[in-house]
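J.: 3D, please:
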Amino acid sequence: MDVSDAAWADRRARVILDPTVIQLNAGTCSPTPQPVFERVSELRRRQAASPTEFQWRDAWPMLQQSREALAGYLSGDPRNLALVENVTVAINIAAQSLELPPGAEILTSPYEYGSMLLLWKRLAAQRGWTVREAAFPKQIEQPRQILDAFAAAASDSTRLLFFSHVSSPTGLIFPAVELCRMARQHGWISVIDGAHAPGQIEVNLREIDADFYCANGHKWMMAPASVGFLHVSARQKRATRSIISSWGHGYLPHQADDEAFPGTSRWQYDLEFHGTADRTPQMVLPEVIGFRQSIGGDSAIRARVRHLTTRLRNHLRELNLRPFSPDDARLVGNLTAILLPEPFQQPGGFLASPADTPAARLQRRLWEHHRIECPVTHADGRTFLRISTGWFNTEQEIDRLALALRQELAA
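T.: Numbering: from 1, shown residues only. Below you'll find the model as predicted:
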């Protein structure tokens, strides 16, 4: 398979990109493919021209087509899938639906997204729970180390396992199938932050069998912003309720799968519909998945990313910069987090002031001096530069990042 820039130039030309920016932050939000943008723009025009008809009649079948397309892509059940604005909303729904007893322990890792740790800590303070991070090795070399860390940290009070399928600050891939199996064996509830997984690594929701799998489509799948989802197991479905009460509220548990609108159950209506909103981005998932297939499908995309990531790692080796994860497809995909040298380490992590630290200044200089979009992240008391390699990036962009790092780290 040809993974060179020349072979991928026509496919790159089908993505809306600012030619003056080196976009190495698809882990936050990817640029949008032209055909996806055109489709969502067409739907917005229809909505603008006849909003009542669009919202009351046209929307429901298109939302159902999106659920079915997404469920097919991720091997899930469209009946147990709700489309929401983003993964933050999805995890909040999952967390606030739980009825854990006082004293229950939520077991998590040191490599989670900061705002979701704040969610669990807030709920724990309100409901008498505790949140505990398992002690992880400073360097992960094998997926087994992740399983062993959680197993060693578990206690008689553990009731819930929360982890990222792909860690936002480090790019570390967690063995989701094995971790959820461990949770079921111990009677724990499993909640997965899958924000970075769909489109980056293979996701088989049936095989993973998490109680709650929450994720985004606007990162590696390249959907427009405002496309997230919640997939719930049959074990937890009837206990799952929206965090906002609107017209979908009030059905009885046995009515969860009854149809509220064509293709939309009462359960989905409760979780998804909270008054008038622009849901057109959630209606274009068939086009998002179709675009991926049109450029060669996930296997071709991963081969292209592998090529770019290998080039990146070669540069990092020349700069004496160490990636967090070894070059092992079981542990790392499109995200390469490098441990920044000591002068750039930031005490306090993500809770520290973001403006006046050496790491924050490095991120600003990459943008202001080089037009490179690349974030600083924090986990387990360490500070990283997180580099996203999307298939639409180029060899030249990787080379320019290496040159910029050589200059800025020496400044």
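J.: CA only for contacts and neighbour counts going forward, please
T.: Fine.
J.: from the middle of its chain, how far away would stretch 106-117 be?
T.: 14 Å (Cα atoms, centre = their mean, to the nearest Å).
J.: would you map the strands across the stretch 151-300 of the chain?
T.: Assigned strands in the stretch 151-300 of the chain, in chain order: 158-164, 189-193, 212-216, 228-232, 259-261, 264-265 (criterion: DSSP state E, counting those that start in this stretch).
J.: tell me the helices and strands packed up against the second one.
T.: Other elements packing on strand 189-193 under the criterion 3 or more Cα pairs under 8 Å, 6 or more residues apart in numbering; DSSP states H and E are helix 87-96, strand 158-164, helix 176-186, strand 212-216.
J.: what's the shortest one in contact with?
T.: When contacts are defined by Cα atoms under 8 Å, 6 or more residues apart in numbering, strand 212-216 is touched by residues 86-87, 90-91, 94, 190-198, 205, 227-233, 236.
J.: element containing the nearest residue to residue 391 once chain neighbours are set aside?
T.: Counting by Cα to Cα, 6 or more residues apart in numbering, residue 305 is the residue found nearest to residue 391 once chain neighbours are left out, at 5.1 Å. Per DSSP states H and E, residue 305 falls inside helix 297-318.
J.: got the phi and psi for residue 50?
T.: Note on residue 50: its backbone torsions stand at phi -140, psi 70 [degrees, to the nearest 10].
J.: now swap in residue 132 and tell me
T.: phi -130, psi 130.
J.: also residue 251?
T.: Dihedral angles for residue 251 - degrees, to the nearest 10 - are phi -80, psi 160.
J.: can you pull the contacts of the nearest residue to it once chain neighbours are set aside?
T.: Residue nearest to residue 251 in three dimensions, not counting chain neighbours: residue 266, with 7.1 Å by Cα to Cα, 6+ apart. Applying Cα under 8 Å, 6+ apart to residue 266 gives the contacts 248, 251, 255-260.
J.: in PyMOL, select just the buried ones from those residues.
T.: Per 16 or more other Cα atoms under 10 Å, the buried members of the contacts of residue 266 correspond to this PyMOL selection:
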select buried, resi 248+256+257+260
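J.: wait, which of the contacts of residue 266 is closest to residue 160?
T.: residue 256 (24.2 Å; Cα to Cα).
J.: follow-up on the earlier one: using a markdown table, lay out the strands of the stretch 151-300 of the chain together with distance to residue 335 and mean pLDDT.
T.: Below are the strands of the stretch 151-300 of the chain laid out as a markdown table (distance: least, Cα to Cα, whole Å; pLDDT from 0 to 100):
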| stretch | distance to residue 335 | mean pLDDT |
| --- | --- | --- |
| strand 158-164 | 14 | 98 |
| strand 189-193 | 16 | 98 |
| strand 212-216 | 16 | 98 |
| strand 228-232 | 20 | 98 |
| strand 259-261 | 40 | 94 |
| strand 264-265 | 35 | 96 |
